[in-house]
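Student: Got a sequence here, can you model it:
(one chain, ligands or ions: 2)
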Amino acid sequence: MDLSDYKPKGKLEHKHLLTLLDYSVNEIYEILAMALKLKNMLQRGKKHEYLKNKTLAMIFTKSSTRTRVSFEQGIRQLGGHPMFLSSNDIQLGRGETIHDTAKVLSRFNIDGIMIRTFKQSDVEELAQYGDMPIINGLTDDFHPCQALADLLTVYEAFGRLEGKKLAYFGDGNNMAHSLMIAGAKAGMEVAICAPQGFQPREDITEAAKKFGKVVVTDSIDEAIAGADAVYTDVFFSMGQDKDPKKEAALMPYQVNAQLMQKANKDAIFLHCLPAHRGEEVTAEVIDGAQSVVFEQAENRLHAQKAVMYLLMK
Ligand code: CP
Ligand code: NVA
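Tutor: Ligands and ions are numbered 1, 2, ... in the order given. Sure, this is the predicted structure:
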């Protein structure tokens, strides 16, 4: 789809963003088109306070740089207010239930909640009992906001998503899951390349395959052939202990110059960040000419502003 011609309708069927499994192709394009529109307005210095005086509560039970800053800055640019709630400071961290937290926040005119936590079921429970839109800012299973920013970044690099191939190397984690779903829905070909034992969850893979061309393989040559976008993520996600066996299994899947040479000539390199140079990617690649990791980070802001606008207006 050509997003420059697409007129965002400003409408989504959904109240929450828990996983992109719930979103249609059109809704994903709606978000991307809105993100481009808001990005353009910001760059032209045009005010866009579409969420004036609305409050976004942001619950974090894991660390964050990009998600925290981009949501805080994003809601401010939309005229609203961020409320940062670290689990170290709120009673949730001392065992208060998600149910009670959702019920209480619903009494304080909170217009939306972004939550980053461990269990996907906690995000779902928050959505069940809260009366405001809930946005998943990363769980052990999914990272939908990152995947939307990634689609935007690939779109900007190539002017389209359909038919483009994304090859992901490394741990079959939350990023691999969200990229399979987002990429397949957007008409991309997605190859997830990981060794046995570290491949993405089978139920999520099967779900993603229903939407498009998704391959899970341990063959590096199969995955890299014809790749337009090469992606990797950390060996150890937040909440996981370092394990030398896992590191040894994933090291051959490192994205390095030799691997990048096997991709298409104009291929781009993506990483959700934070990165560990010398582990999942070499410094040469992440700091090299093909890397778009900081464009990607910036696009978190634009994609999430679109999500907030569409869900909270
Ligand atoms: N990519 C990402 O979500 O970064 P943070 O952990 O810094 O939020
Ligand atoms: N897979 C990583 C992504 C960080 C943005 C993690 O969950 O820690």
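Student: helix, strand or coil for Glu222?
Tutor: When classified by DSSP: H, G, I helix; E, B strand; the rest coil, Glu222 comes out as helix.
Student: ok, it - contacts?
Tutor: Residues counted as contacts of Glu222 (CB atoms under 8 Å, 6 or more residues apart in numbering) are 191, 193, 215. Just so you know, the C-beta spots here come from the backbone N, C-alpha and C atoms, and that holds for glycine as well.
Student: With pLDDT and distance to ligand 2 added, can I get these in TSV?
Tutor: Compiled in TSV, the contacts of Glu222 are given as follows (pLDDT from 0 to 100; distance: CB to the nearest ligand atom, whole Å):
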residue	pLDDT	distance to ligand 2
Ala191	98	18
Cys193	99	16
Val215	98	21
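Student: Output the set of residues of the stretch 51-200 of the chain in proximity to ligand 2.
Tutor: Counting by CB under 6 Å from any ligand atom, the stretch 51-200 of the chain comes close to ligand 2 at 138, 173-175.
Student: Just give me the closest of those residues to Gln120.
Tutor: Taking CB to CB as the measure, Gln120 lies nearest Asn174 of these, at 9.1 Å.
Student: Distance-wise, check the closest residue to the closest one other than its chain neighbours relative to Gln91.
Tutor: Distances taken as CB to CB, 6 or more residues apart in numbering put His143 closest to Asn174, at 4.9 Å, once the chain neighbours are dropped. Computed as CB to CB, to the nearest Å, the His143 to Gln91 distance reads 26 Å.
Student: quick one, which of the two is more surrounded?
Tutor: Shown here are His143 and Gln91; by other CB atoms under 10 Å, His143 has more neighbours (29 against 12).
Student: That one contacts Ile181, correct?
Tutor: No. Counting by CB atoms under 8 Å, His143 stays clear of Ile181, with 10.6 Å between them.
Student: check contacts around the residue of the stretch 101-250 of the chain found nearest ligand 1.
Tutor: Per CB to the nearest ligand atom, Gln146 is where the stretch 101-250 of the chain lies closest to ligand 1, at 5.2 Å. Contact analysis of Gln146 by CB under 8 Å, 6+ apart lists 138, 175, 178, 272, 300.
Student: one more time with 7 Å
Tutor: 175, 178, 272, 300 (CB atoms under 7 Å, 6 or more residues apart in numbering).
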